[in-house]
Each structure stands twice: as structure tokens, then as C-alpha cells.
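Visitor: predicted model and sequence below, questions to follow.
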Amino acid sequence: MKLIQTIKELRTELEGLRNAGKSIGLVPTMGALHAGHASLVKRAVAENDVVVVSVFVNPTQFNDQNDLLKYPRTLEADSALLETCGASIVFAPSVEEIYPEQDTRQFSYAPLDTVMEGKFRPGHFNGVCQIVSKLFLMVEPTRAYFGEKDFQQLAIIREMVRKYPFNLQIVGCPIVREEDGLALSSRNTRLSSEQRKQALQISATLFASVEFSKNHSLAETKAFVENKIAEAEGLRLEYFEVVDGNTLQSVAQWEDTDYIVGCITVFCGEVRLIDNIKYRGVQA
Ligand code: PAF
């Protein structure tokens, strides 16, 4: 496995491989890797000849500077994990390498990016599209892998690929959870052991709501989740939306569409956690 820090070296390395007809898998990450990332990398390794994992804490997608400063940076441990997963290249550039000047490009995929995270984190998806589009242009991957935990991000990246257009396949991979149900997240390392227990209520509530939804209306199911989180110690709900999994627009009744997902964001102390659950159907 090679550690590469410059775009020039990355391009030179990949050009040879591409010319030799090798397929290239890309797994974009911000580091602080966990088993969720490992599952993306392992899938990419199984499906491609060469796998590039980018490790870059992208400043343009943080609308909260405190969050950016506190974001864990663990390149040594990340590299060790990636080696065991079979990655070929770790691309870990500096901020100056990626943004030698301000990126003024604007990406707008309304209404996908105006709801949920788009509403509560203005500019976030613009920053995500800035870095992901740069990575696609630098790596020119055959396939790129993203986790379904960031459900809205995945939908927006699919739309960006369609509209840009990029010639690659986006592969969405299932959420990886701890044995007790907590969705894996780099942010979990910031939870105290007490908060870790409190955060468990998020996935527990979502799982319970799937059972509840079988004989209750959508509005009742939404209220069920909102009330459970409001009652849970140490948690503060930012939003819970039940949306069409393709358009990300709110759904009023179960019968309205075939693909329905509940997306939730909860603060546990000052740590912002997201999760989602599927109520109906599959992606179109
Ligand atoms: O999901 C993430 O970790 C980031 O948003 C991504 C896709 C690596 C872009 O910085």
C-alpha cells in the first residue's frame, strides 16, 4: 500500500494502472476510520483491481468551525486499518494541495439539498460536492463507494454524477452498526461512556418505530419517534423526517410512495449524530 500526498504523484501512479486496463475503486473518507469504512474498502477491493482511499478532512463542508477543529485526525491508525483491508493507495493530501485557492464553485441540487442536513447545515453539501467532484476528477475512478448512513449525501452525489456528468458507478453500502445497534460514526469517539449509552436510544427508537409503523399511520410513527427521543435522557432532536428515498421530500402517508426512509439527527451532548431507517421498498 502506497501513501500519496500530492495530486501529481497520484495522477502519475493511476495513469499507468488505467493504461494497463485496471479498474479503480475510490473510497472517499475524512479519516478516523472504523468498521463502517472498512466494509466500504473491502467491497471496493472485491470489485476493483486497484483501490484508492482518500483521507482528507474537508474544511469546506464544515459550517461549524468547532466541529472542524474537533474532528479526529488519526492517519497512522487509519493507514494500518487500510493495509489490513487491502487498499492499494492512501491519498492524504494537505488542505493547500486540494484548495490552492478558494473553491468558488456552487453546486445546487434542489430540492435534494435544501431539506434536512441542507436546511440545518447551510453550505455543507456544496462543500461535499466540491471535494467529491475534485476527487472524481483526480482519480477518475471506475466505481466510488459511499455509506448509506449519510443517506442524503449519497442521493446528492448520485445526482451530481448524473448532472455533471461523471462516467463512474456510485455504489451505496449498508449502514454498519455496533452489536447493540448504534450506527458507526467517527463522531462516536467523542461520546463519553454515559453518552454512548444515551446515544443507543437513537437506533433503538428507529428499530422500534419499524414495528410500530406496521399498524400505525405515518404521522403516528413520526410522533412516536419524536416523543421517544424527547423523553430520552441526554438527547436533543434536531429533526426526524420521513421522506421518499429517491426525492428526499416528506411523505404524508405510507401509500404515497414505494420507497420510504426515516432520517434523524440528534445531539448527544454537543456531538451531532445522524442515522436512518428504511420503512418501505428499495431504491428505484
Ligand atoms: O462522508 C464523508 O466522510 C465525507 O462527506 C466525504 C464524502 C468523504 C467528503 O469529504
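Guide: Received, thanks. Residues are numbered from 1 along each chain as shown.

Visitor: would you mind listing what in the stretch 151-284 of the chain touches the ligand?
Guide: By C-beta under 6 Å from any ligand atom, the residues of the stretch 151-284 of the chain that approach the ligand are Q153. Heads up, the C-betas are built off the backbone N, CA and C, glycines and all.

Visitor: how about stretch 87-102: buried residues?
Guide: A87, S88, I89, V90, F91, A92, P93, I98, Y99 (16 or more other C-beta atoms under 10 Å).

Visitor: low-confidence ranges in the stretch 1-150 of the chain?
Guide: Nowhere does the stretch 1-150 of the chain drop to pLDDT under 70.

Visitor: distance of S209 from the ligand?
Guide: 25 Å (C-beta to the nearest ligand atom, to the nearest Å).

Visitor: contacts only, for that residue.
Guide: T221, F224, V225, K228, G262, I277 (C-beta atoms under 8 Å, 6 or more residues apart in numbering).

Visitor: contacts only, for the fourth one.
Guide: Remark: with contacts taken as C-beta under 8 Å, 6+ apart, K228 is in contact with Q201, T205, A208, S209.

Visitor: likewise the second one?
Guide: Applying C-beta under 8 Å, 6+ apart to F224 gives the contacts A208, S209, F212, H216.

Visitor: can you tell me the SS state at it?
Guide: Judged by DSSP: H, G, I helix; E, B strand; the rest coil, the three-state class of F224 is helix.

Visitor: the closest residue to Q61 other than its chain neighbours: how many residues sit nearby?
Guide: Of all residues not flanking Q61 in the chain, G127 sits nearest, at 3.1 Å (C-beta to C-beta, 6 or more residues apart in numbering). G127 has 18 neighbours, counted by other C-beta atoms under 10 Å.

Visitor: from R105, how far off is G127?
Guide: Going from G127 to R105 by C-beta to C-beta, to the nearest Å gives 10 Å.

Visitor: where's N276, which helix or strand?
Guide: strand 271-280 (DSSP states H and E).

Visitor: tell me which strands that strand pairs with, and in which orientation.
Guide: Strand 271-280 has the following sheet partners, assigned by DSSP bridges: strand 260-268 (antiparallel).

Visitor: about what we covered before: so can I have TSV of the contacts of K228 showing pLDDT and secondary structure?
Guide: Shown next, in TSV, are the contacts of K228 (pLDDT from 0 to 100; DSSP: H, G, I helix; E, B strand; the rest coil):
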residue	pLDDT	secondary structure
Q201	98	helix
T205	98	helix
A208	98	helix
S209	98	helix
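
Visitor: helices of the stretch 101-250 of the chain, start to end?
Guide: 117-120, 124-139, 151-163, 193-213, 218-231 (DSSP state H, counting those that start in this stretch).

Visitor: what residues of the second one count as buried?
Guide: In this case it means helix 124-139. So, applying 16+ other C-beta under 10 Å, buried residues of helix 124-139: 124-136, 138-139.

Visitor: and the ligand, which of these reach it?
Guide: V128, I131, V132.
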